[in-house]
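Peer 1: my questions are about this predicted structure, shown below with the sequence.
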Amino acid sequence: MKQIWKAAFALILLVSVLGAGLKADAAAKPGTAEPVEKKPYEYEFVVDENAKYNGFFGAKEMVITFDKNINQTIAYNDVYIEQIVDGKNIKVPIVLKSSANGKKLTITFKNLEFVDYIDKEDFQLVIKQGTLYFDQLTDYKLPFKFYDLTPGFESVFVNVDNADEINNKIFKHNEPRNIKIQVPPLYITKIETIHRYNGVTDVEAPNLSNIDVIADPRATRLKVELGVDNQFERDLDRSTAGVNGFSMGQAGISDLLCKDTSIPEENCEEYNPGDDFQLTAYSDSGRKLETRNFKMQINDRLKDFKIGDYVKADAKQFGKPISLYDLMATPTTLEKIMEGTQLSALNKLGLTYSVGNSIEVYNLEQLQMALANVKFKTIIINNDINVMDLPEDTLVIDRNVTIRGNKNTLKSTIIGHVQLGKEKNRIIRIENLDINGNLTINVGEEGIAILDEVSVTGTPGPSTQIISGGKDSVHLNNFKSVDGIEVRNKQKLRIVTTNTTTEPLYIDYKAQAPVDLEIVSGTVHLNSDDELTLDNVFTVVADKTHATVNTTGKLVAPYFIFKNQTLQEDDVTNGNEIPFSGEFEIPVNGTEASVDKEEVVGKIMGGEYLGKLTSWKVIKNNTEWSIDLNDTKINISGIKKFGTGTISFSALDEKKVSYVIHLTIKIGEVNQQ
């Protein structure tokens, strides 16, 4: 009995000593950790080698493991994704499928290329109350970053077969400095182990071990496993004894083996157990943050029982984005990151970059997402799209954008009605498209609508209504509309038509404000059932060689004015609007400033497909500045005060196609000479 009490006392004393040493050496943090509710699930993002994003394989699926079996049939609308922007939760239709299997729910994704996530990276998966089992009493919300879903660093850049895709899909639209590698934090920053053999020489006692894990505060839960032996499993909360992380003790680890199996046991200098310890850290939302494996080491059974150098990496290198340029310029940075990242975890290094300003769509869902993403300046419709399920069977396009029908085959068709604008000033261009419904043009009194090779086949009566536009407003090039066009503007409007087909264009005049109509070519029939007044003067200028005009109804002088003369093709009418992102801030020299034309083209998104632009000229100048163009520069003079102005230019590419560039120029504070 005396020996038993002696052994017990020795054991208690040893544990106390170990605890005191632990608290001193393990980056102790005073205070007691607040308990965090453990979620009844854990989740992670797993590479799907067959899933693509922006042409690259390796997009990820979301795998959620619950504490118990879940319903095996999940309704599509019960699981969805929200993007969190300025405190608002916005649904985004990117869930392809939710597949249940036992305790696991796997979410696969679609349409990721259409999401505008730059500087808006916060998302969450929502599983509605009662979806998984009858006692799911609340919605489950699982937060993540958008780049958790897309192919990671390994899938994109550590693959010799990806060179062409990298050039065409990434470098074509991004400088290396703008490609960000999202390096996750090092959640497990230090591991310290203490392993003691028999603490009292004359009493047989179990071996004692202590494991300390110093961890980032975002890690609120730690699961510990040792091989396949269940007795070593732990599910830990953060330490309440002052350790800045997690701490556990274990008795009975007795299978320490010599690393060098060729030498006798008595000559062994370094030991390790037969199995790895596995540590898995989780966030308070249940996300699996980091998994780290290590072997418990001991250098000397009697002396060097405390080991703390398991984690070699510097935590300062983690938890912040780094540009691809910086990674290329400083190879040691990648080496330092690799010290703390297993090769198998390289895909946890997320990537953020622009997919470009042009996107192809194949269905209504993709079209709506593309329209919602203002970074897409050109949308190419590669299929017929039915919009009859939208409110009033109408697709509303209410932002500056170019929409093109299928570039490889005959025109694409929109089945249903289309509305361009909602009276706000917009620049909208539609090309090579059939609209099997009605078209409404309402781009605002300073807006522009350009329709090239567009046919409208709507309900009986005029299929097209023009409600608003400005002095550069509505341009109809080889435009067809069943039963004609009805003009119903309330502000001054300009319409320009060019038509190389033999089909006439019918215009029914019901305007409430003046209209200028320029007919460059083709046959146009004009009619008005109402008498004109000074408020809705109708002025028609027709090319005397290429245009034919017929009138009926009450189109008579003095408020109907007809001129027959030679017309030049309108630059805005036949030009393609080149989308421009951002402003040029130009330094001022006295009252003058200049910018290189190549710099302008280089900063225009999508400009890479244009080649060299020549034959520049100014077509619109909304500033007080004077503009002079030479072979290489845009020169500005007459600058009297700082500010921002917009100037429109036309230019030709190598195929003599005309383009229009709306250039915003910002002039800094002027230093008069």
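Peer 2: Done, it's in.

Peer 1: for Asp148, phi and psi?
Peer 2: phi -70, psi -20 (degrees, to the nearest 10).

Peer 1: hmm, it is touching Lys60, no?
Peer 2: Yes: taking contacts as Cβ atoms under 8 Å, Asp148 lies within contact range of Lys60: 6.6 Å. (C-beta placed from N, C-alpha, C; glycine too.)

Peer 1: higher neighbour count, those two?
Peer 2: Higher neighbour count among Asp148 and Lys60: Lys60, with 27 against 19, using other Cβ atoms under 10 Å.

Peer 1: just give the nearest non-adjacent residue to that one, would you?
Peer 2: Sequence neighbours aside, Phe45 is the residue nearest to Lys60 in space, at 4.3 Å (criterion: Cβ to Cβ, 6 or more residues apart in numbering).

Peer 1: in which helix or strand would I find that neighbour?
Peer 2: In the assignment (DSSP states H and E), Phe45 maps to strand 41-47.

Peer 1: so how far is that strand off the chain centroid?
Peer 2: 21 Å (Cα atoms, centre = their mean, to the nearest Å).

Peer 1: what ranges does this protein have for its helices?
Peer 2: Remark: helices assigned in the chain by DSSP state H are 2-25, 153-157, 163-165, 324-329, 331-339, 364-372, 571-574, 597-603.

Peer 1: residues in contact with the closest residue to Glu365 other than its chain neighbours?
Peer 2: Distances taken as Cβ to Cβ, 6+ apart place Pro93 nearest to Glu365, at 5.6 Å, with adjacent residues excluded. Shown in contact with Pro93 (Cβ atoms under 8 Å, 6 or more residues apart in numbering): Tyr80, Ile81, Asn111, Glu365, Met369.

Peer 1: could you do Thr138 as well?
Peer 2: Gln129.

Peer 1: where does Ala163 land on pLDDT?
Peer 2: On the pLDDT scale, Ala163 is placed at 94.

Peer 1: distance check, it against Trp616.
Peer 2: 36 Å (Cβ to Cβ, to the nearest Å).

Peer 1: tell me the centre residue of this protein?
Peer 2: Tyr117 (3.0 Å; Cα atoms, centre = their mean).

Peer 1: was I right to think that residue contacts Phe146?
Peer 2: Yes: contact criterion Cβ under 8 Å: Tyr117 and Phe146 qualify, at 4.0 Å.

Peer 1: what's the overlap in contacts for these two?
Peer 2: In contact with both Tyr117 and Phe146: Gln83, Phe123, Thr352, using Cβ under 8 Å, 6+ apart.

Peer 1: report the buried members of those.
Peer 2: The neighbour count (16 or more other Cβ atoms under 10 Å) marks Gln83, Phe123, Thr352 as buried among the shared contacts of Tyr117 and Phe146.

Peer 1: for Lys172, state which of those residues is nearest.
Peer 2: Thr352 (16.3 Å; Cβ to Cβ).

Peer 1: which residues does that closest one contact?
Peer 2: Thr352 touches Tyr117, Ile118, Glu121, Phe146, Tyr147, Ile179, Lys180, Gln182, Pro321, counting by Cβ under 8 Å, 6+ apart.

Peer 1: ok, back up a step: quick one: the residue nearest to the centre of the chain and Leu149, what's the gap?
Peer 2: 10 Å.

Peer 1: do the same with Gly245
Peer 2: 29 Å.

Peer 1: cool, and Phe66?
Peer 2: For Phe66, the distance to Leu149 - Cβ to Cβ - is 21 Å.

Peer 1: out of those two, which sits in the more crowded spot?
Peer 2: Leu149 (24 against 21).

Peer 1: follow-up on the earlier one: between Ala163 and Trp616, who's got more neighbours?
Peer 2: Counted by other Cβ under 10 Å, Ala163 and Trp616 do not tie: Trp616 has more neighbours, with 17 against 9.

Peer 1: and that one, how far from Asp164?
Peer 2: 33 Å.

Peer 1: cool, and Ile263?
Peer 2: 54 Å.

Peer 1: please apply the same query to Gly102.
Peer 2: In terms of Cβ to Cβ, Gly102 sits 41 Å off from Asp164.

Peer 1: same check on Asn442?
Peer 2: 44 Å.

Peer 1: those two: which is more packed in?
Peer 2: Ranked by neighbour count (other Cβ under 10 Å), Asn442 and Asp164 place Asn442 first, with 22 against 9.

Peer 1: residues contacting the more buried one?
Peer 2: Gln419, Leu420, Gly421, Lys422, Glu423, Ile467, Ser468.

Peer 1: ok, the residues you listed vs Gln278, which is closest?
Peer 2: Nearest member of the contacts of Asn442 to Gln278, counting by Cβ to Cβ, is Lys422, at 57.4 Å.

Peer 1: how about that closest one: what's its closest non-neighbour residue?
Peer 2: Looking at Lys422 with Cβ to Cβ, 6+ apart, the closest residue is Asp398, at 5.0 Å.

Peer 1: per-residue confidence at the one you found?
Peer 2: pLDDT, Asp398: 96.

Peer 1: ok, Pro587 next?
Peer 2: What the model reports as pLDDT for Pro587 is 74.

Peer 1: same question, Lys312
Peer 2: pLDDT, read off for Lys312, is 81.

Peer 1: and for Ile74?
Peer 2: pLDDT at Ile74 comes out at 94.

Peer 1: where does the stretch 501-650 of the chain dip in pLDDT?
Peer 2: 568-583, 603-611 (pLDDT under 70).

Peer 1: now with 90?
Peer 2: 501-503, 544, 564-626, 630-650 (pLDDT under 90).

Peer 1: equivalent analysis for the stretch 301-450 of the chain, please.
Peer 2: 301-319, 327-328, 330-347, 356-357, 377, 406-411, 425, 427, 445-447.

Peer 1: so which residues of it form strands?
Peer 2: Assigned by DSSP state E, counting those that start in this stretch, the strands in the stretch 301-450 of the chain fall at 306-307, 321-323, 350-352, 358-361, 378-381, 385-386, 394-397, 401-404, 412-415, 417-420, 427-436, 439-442, 448-456.
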